[in-house]
Every structure is written in structure tokens, then in C-alpha cells.
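Visitor: Give me a 3D structure for the following:
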Amino acid sequence: MLLLTKTKNLKIMPYISTENVKVKRKAIKKAFPNWEFSIRCENHTTINVSILQSPHNVKGHKTINHFYYKDHYKDNLNIMKDLEKIISILDGDNYTVSYDGDYASIPSFYIRVEFGTWEKPHTQIKIN
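Guide: Next up, the predicted model:
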């Protein structure tokens, strides 16, 4: 269930519930059972997905721009397809709640995807 928060000025702000994050976490882990993720809610506005272990040869920590990942990974179709699946799960019920003159559109919640974290870099695993 997606809820929206209204401010004093009756502007609608991004919000994602803990329950919605749990549903998305379960779907991602089901789609990629051998991978290791850290999937968490930040300030009830953002869902953060860190891919900690996968079969992809990505070294260290890399932030993914979920708007341009197809351009960035066009030379590696396997990574692009896997990111597409993860982002489609995350973005499935996301929509624009309002338009802002300074920042364009405001989504119902924000998405952050990355390979690894600053504290725990991404590692490659072999999957049979």
C-alpha cells in the first residue's frame, strides 16, 4: 500500500511504507535467489538497493542512475537486463505525485540502486 504525506501547504511529498519495501525486497530476492542484497527504507522517502554479490564483474562501489542505466551498460547486456528487472520491480507502483518548477517531477518515492556500498564493496560470485 502506497501512502502519501501532505505538508502544511498541502503539497504531496514522496513516501514509501515499510510494508511496501518488504514486498519489493521479497520480489527481488525471489528473482535473484543466489545474489546478496541490502534492501532498506531511508526516511520513508527512498528505497535503497545495494547489490553486494552477483555474477557480474563489477569492482568496488558503483552508483546506478536508474534513468540512464541502459546507456551506461549498453556494452554489457547481462548487467543491463538484470538491472532492468530490479528497477522494474522497484519502480512498478511508482508514479509522479506532482510537478515542481525547480526539480521537474516528484515521484511517489525515490529509488537508489548501487553495486556494493562504501563499507562493503560488490563481489563477484559464480553461479552454476
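Visitor: quick one, what contacts the closest residue to residue 50 other than its chain neighbours?
Guide: Take residue 50 and drop its neighbours on the chain: the residue closest to it by Cβ to Cβ, 6 or more residues apart in numbering is residue 38, 4.2 Å away. Glycine gets a C-beta too; all of them are placed from N, C-alpha and C. Contact analysis of residue 38 by Cβ atoms under 8 Å, 6 or more residues apart in numbering lists 48-50, 52, 117, 120.
Visitor: Mind doing that once more with 7 Å?
Guide: Residue 38 sits next to 50, 52, 117 when contact means Cβ atoms under 7 Å, 6 or more residues apart in numbering.
Visitor: Report pLDDT for the first one.
Guide: Per-residue pLDDT puts residue 50 at 98.
Visitor: isn't it right up against residue 113?
Guide: No. If you go by Cβ atoms under 7 Å, residue 50 and residue 113 don't touch, sitting 8.1 Å apart.
Visitor: Which parts of this protein are helices?
Guide: Counting by DSSP state H, the chain has helices at residues 18-31, 69-72, 77-91.
Visitor: just checking, what packs against the shortest one?
Guide: Put plainly, it is helix 69-72. helix 77-91 (3 or more Cβ pairs under 7 Å, 6 or more residues apart in numbering; DSSP states H and E).
Visitor: Please identify the buried residues of the helix it packs on?
Guide: 79-80, 82-83, 86-87, 89-90 (16 or more other Cβ atoms under 10 Å).
Visitor: same deal with stretch 63-75?
Guide: 64, 66, 69, 73.
Visitor: Next: stretch 45-52.
Guide: 46-52.
Visitor: about what we covered before: show me the buried residues of stretch 63-75 that map onto strands.
Guide: Applying DSSP state E to the buried residues of stretch 63-75, the entries found in strands are residue 64.
Visitor: Greatest separation within the buried residues of stretch 63-75: which pair is it?
Guide: 66 and 73 (11.6 Å; Cβ to Cβ).
Visitor: Packing partners of the longest strand seen in the chain?
Guide: In the chain, taking DSSP E as the definition, the longest strand is strand 46-54. Counting by 3+ Cβ pairs under 7 Å, 6+ apart, the packing neighbours recorded for strand 46-54 are helix 18-31, strand 36-42, helix 77-91, strand 110-115.
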